[in-house]
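Asks: Coordinates for the following, if possible.
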Amino acid sequence: MNYQAMLAAILLIPLLGALLNGFLLRSAPRVVTVSVATLAIFIPFIFSCLLFFGPVNAGEVVRTDLFNWISVPFQGGHLDIPFALTVDRLSAILLLIITGVGSLIHLYAGEYMSHEEGVYRFFAYLNLFVFSMLSLVLGANMVVTFLGWEGVGVCSYLLIGYWYSDEANARAGMKAFIANRVGDLGFLLAMFMSVKLFGTVDYSKIAAALTNELAANNAPMITAIGLCLLLGVTGKSAQLPLYIWLPDAMAGPTPVSALIHAATMVTSGIYLMTRMSFLLVHSHTAMTTIAVIGACTALFAATIGLVQNDIKKVLAYSTVSQLGFMVLGCGVGAFQFGVAHLMTHAFFKALLFLGAGSVIHAMHHEQDIRKMGGLIKKMPITGWTFVIGTLAIIGFPGLSGFFSKDEILYNAWTGPFGHPLLWALGAGAAACTSFYMVRLTYLVFFGESRVEHAHGHHGHGHDHHHHHEIHENPLAMTLPLMILALLSIVGGYVSMPHAIMHTLGVHANENIITEWLSPVLASAKEVMSAGHGEEGHGSASLEWGLMGASTLVMLIMSGFALSLYKVGPKGGDSIANAVGGLYRLILDKWRIDELYQGVIIEPLKKVGDAFFKFGDRALIEGIINEGPRGIYLVTSVLSDVQSGLVRNYLKVVFIAMVALCAWILI
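Replies: Presented below is the predicted three-dimensional model:
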């Protein structure tokens, strides 16, 4: 079996789907458009499974060089950058997530977008996004990764602003695009410095060249590369201070939120840090900064989620918070558990977004949770799968989020770069997550119905609705929910904590995810072991204690939310009134957008206005406009002199002679 050809096909088939729908099938029936787009993702999923359970499972790394892309003179030789693809145990996990979850979302989107005109454009964008995301994770070097990195940014802009006739949607797309460009500068700088230090951008060659001696002699450069990579991560994976684009990205269709802003694109930063883990662990400064940024983002975004009333905005800030958990895991040296949480989050957050989309679709695009309630009676599949997703994200014992989240928290305390304060920040974020997710789930699906008096947004051709019209959605939308719910239950067992493994009598040195990623993380673990004597300083009793503490907090906060909102949306009014200004501040998202507007955007706008007035209008337009006028004036005078009358020429000669004689005599 030609695995190299299969690897190329995985990348190129989604691109073919985008081209077919974008150019050849624009007038085709909707079923043809959806089928082509879905098959363009599902076929690569089959190939990904063959690679995953075949050579990758056997420990092989499959690589193919499609063509020599860039070749430039460099330091007396040549810098050659091929368009090369590679799949190892890390990228194989991302392959299954992108193509597997992507196939389910494409299937779901076919029904969700059934009332839209010109869906060929939507599915062409989706396929193009998957192509870009696959380029990102399959790239054998930083330049191919950066191509995909930029591609997902462009596709995100196109999909967020899909309903571009709405100015708010168009602005949300531009905001995402600009915020990502700021982060992308960091990735570019890291790439340039890697070329300077190692003479290559190929991941395997950089890893081979990075010895302990080289790292020690170039410590400032290593730290700079690590911090620049972090800047890229803060943009793409929505961390402080560049997280601001992700909540506004909910303006796009809900399948976009599920695919791009929950399961794939926003996890690019976690993939990049894990891919470059062998370099990052050489810098204590970079690792500590990553951990602090992740922990602070997790808690900060979780506090905003406490009071949001838009169902998608709650999930958006939840995504930012969960990404903070992943970044925290990478920052404390537990890269494998950051990847594990990436995977489990792809399952339960895609489930939650698609469940929210199912509700929005049934309620004619109403998104205010205060206008819902009791929907589980009308939409049992959506409701109960959403409950499973909620239990998974809050870390209910036995479900996927419990294992990956608690392993990150444990390593935040005990890891090579961990600290109890980092655990406290993460535990606080987990507590907030339990509260706002139970609040959201109860207000939407349980209690008394508040739907009768609700109305839609009237956007995109939707009209009023009533409670009796609400019903469960078709199988094309509920089947992905059921599959994702199953994965949300079982997906976390790959990162089962050692304490539980020993209690259950599982005789293994490492859990599945640690063992699976050990070839990828071997260099990083060797550096961490040498630098810290051991990879951590925990014990089984401490692990049980931390798991017990987080579980107890989860139960308390969940019970508090249920008791508070059993009377409906007004249940939290007493607390809101008690804290007053703080509640309004959090409701306004800590007014960070206003801070950016006043501190960065407005001053830059004034500078831009000054350049426009003095540089563009006064200088450039002055040269362009006044220059021709001056030439015209001179030519007009000269043309008047050339009158064609001999007597005028004689007058000029006579005057000139008189003037010359006077000058000589005087």
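
Asks: Surely Phe386 touches Leu352?
Replies: Yes: in this structure Phe386 lies within contact range of Leu352 using C-beta atoms under 8 Å: 6.5 Å. The C-beta positions use only the backbone N, C-alpha and C, and glycine is treated the same way.

Asks: The two: who's more crowded?
Replies: Neighbour count, other C-beta atoms under 10 Å: between Phe386 and Leu352, Leu352 has more, with 33 against 27.

Asks: okay, now the closest residue in space to the more buried one that isn't next to it in sequence: neighbour count?
Replies: Distance criterion C-beta to C-beta, 6 or more residues apart in numbering; nearest residue to Leu352, sequence neighbours excluded, is Gly389 at 4.3 Å. Per other C-beta under 10 Å, the neighbour tally for Gly389 reads 30.

Asks: Same check on His284?
Replies: His284 has 15 nearby residues by other C-beta under 10 Å.

Asks: Pro420 now?
Replies: 11.

Asks: now do Leu185
Replies: Based on other C-beta under 10 Å, the number of other residues close to Leu185 is 13.

Asks: and it, how far is that from Lys236?
Replies: 12 Å (C-beta to C-beta, to the nearest Å).

Asks: Got phi/psi on Ala28?
Replies: phi -70, psi 160 (degrees, to the nearest 10).

Asks: Correction: the previous question concerned Asp202.
Replies: phi -80, psi 130.

Asks: Find the residue closest to it in space, skipping its chain neighbours.
Replies: Asp202 sits nearest to Asn141 (C-beta to C-beta, 6+ apart), 4.4 Å away.

Asks: Contacts only, for the one you found.
Replies: Residues in contact with Asn141 (C-beta atoms under 8 Å, 6 or more residues apart in numbering) are 81-82, 84, 200-203.

Asks: do Gln4 as well
Replies: Here Gln4 is in contact with 62-64 (C-beta under 8 Å, 6+ apart).

Asks: And for Thr382?
Replies: 355, 358-359, 362, 375-376, 472-473, 478, 481.

Asks: what about 6 Å?
Replies: Applying C-beta atoms under 6 Å, 6 or more residues apart in numbering, we find Thr382 in contact with 355, 358.

Asks: Please identify which helix or strand holds it.
Replies: According to DSSP states H and E, Thr382 maps onto helix 380-393.

Asks: Tell me the buried residues in that helix?
Replies: 381-393 (16 or more other C-beta atoms under 10 Å).

Asks: Kindly export it (C-alpha atoms) in CSV.
Replies: Provided in CSV are the C-alpha atoms of helix 380-393 (Å, rounded to 0.1, in the frame of the first residue of the first chain):
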residue,chain,number,x,y,z
PRO,A,380,-35.1,14.8,23.7
ILE,A,381,-32.1,13.7,21.6
THR,A,382,-30.7,17.2,21.4
GLY,A,383,-31.4,17.7,25.1
TRP,A,384,-29.9,14.6,26.5
THR,A,385,-26.8,14.7,24.3
PHE,A,386,-26.3,18.3,25.4
VAL,A,387,-26.5,17.1,29.0
ILE,A,388,-23.8,14.5,28.3
GLY,A,389,-21.6,17.3,26.7
THR,A,390,-22.2,19.4,29.8
LEU,A,391,-21.2,16.6,32.2
ALA,A,392,-18.1,16.0,30.1
ILE,A,393,-16.9,19.6,30.1
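
Asks: distance between it and the chain's centre?
Replies: 23 Å (C-alpha atoms, centre = their mean, to the nearest Å).

Asks: Can you show me the strands along this protein?
Replies: With DSSP state E as the criterion, the chain has strands at 62-74, 77-87.

Asks: contacting residues around the first one?
Replies: Think strand 62-74. Contacts for strand 62-74 (C-beta under 6 Å, 6+ apart): 3-4, 7-8, 55, 78-87.

Asks: Neighbouring strands of that strand in the sheet, and parallel or not?
Replies: Here strand 62-74 has these sheet partners by DSSP bridges: strand 77-87 (antiparallel).

Asks: residue contacts, the residue positioned nearest the centre of the chain?
Replies: Closest residue to the average C-alpha location of the chain: Val266 at 1.9 Å, with C-alpha atoms, centre = their mean. Counting by C-beta under 6 Å, 6+ apart, Val266 makes contact with 237-238, 323.

Asks: Return the closest of the residues you listed with respect to Leu440.
Replies: Distance to Leu440 across the contacts of Val266 (C-beta to C-beta) is lowest for Leu323, with 18.4 Å.

Asks: Please verify my assumption that the closest one contacts Gly235.
Replies: No: judged on C-beta atoms under 6 Å, Leu323 makes no contact with Gly235 at a distance of 11.8 Å.

Asks: Those two: who's more crowded?
Replies: Leu323 (32 against 28).

Asks: Just give the nearest non-adjacent residue to that one, would you?
Replies: Ser237 (5.0 Å).

Asks: Same question for Tyr583.
Replies: Ala576 (4.4 Å).

Asks: What about Asn217, how many residues nearby?
Replies: Asn217 has 10 nearby residues by other C-beta under 10 Å.

Asks: Actually, Phe325.
Replies: 29.

Asks: do the same with Arg591
Replies: Neighbours of Arg591 (other C-beta under 10 Å): 14.

Asks: Please apply the same query to Phe614.
Replies: For Phe614, using other C-beta under 10 Å, the count is 12.

Asks: what's the distance between Pro474 and Glu117?
Replies: 20 Å.

Asks: Buried residues of stretch 157-165, list them for me.
Replies: Within stretch 157-165, judged by 16+ other C-beta under 10 Å, the buried ones are 157-163.

Asks: Among those residues, which one lies nearest to Tyr436?
Replies: Ile160 (23.3 Å).

Asks: I figured that closest one hits Ala170, correct?
Replies: No: the criterion here is C-beta under 6 Å, and Ile160 misses it with Ala170 at 8.9 Å.

Asks: remind me, longest helix of this protein?
Replies: helix 167-198 (DSSP state H).

Asks: what helices or strands is that one leaning on?
Replies: On a contact count with 3 or more C-beta pairs under 6 Å, 6 or more residues apart in numbering; DSSP states H and E, helix 167-198 meets helix 142-160, helix 219-236, helix 245-248.

Asks: Need the winner for burial among those helices.
Replies: helix 245-248 (a mean of 25; mean count of other C-beta atoms under 10 Å).

Asks: How far away from the center of its chain is that one?
Replies: Relative to its chain's centre, helix 245-248 lies at 10 Å (C-alpha atoms, centre = their mean).

Asks: same check, this time on stretch 43-51
Replies: 24 Å.

Asks: Would you mind pulling the contact partners of that stretch?
Replies: 6, 10, 13, 87, 95-96, 99-100, 103.

Asks: give me that answer again for 10 Å
Replies: Defining contact as C-beta atoms under 10 Å, 6 or more residues apart in numbering, one finds that stretch 43-51 is touched by 1, 3, 5-14, 16-17, 56-57, 60, 62, 87, 91-104, 130-131, 134.
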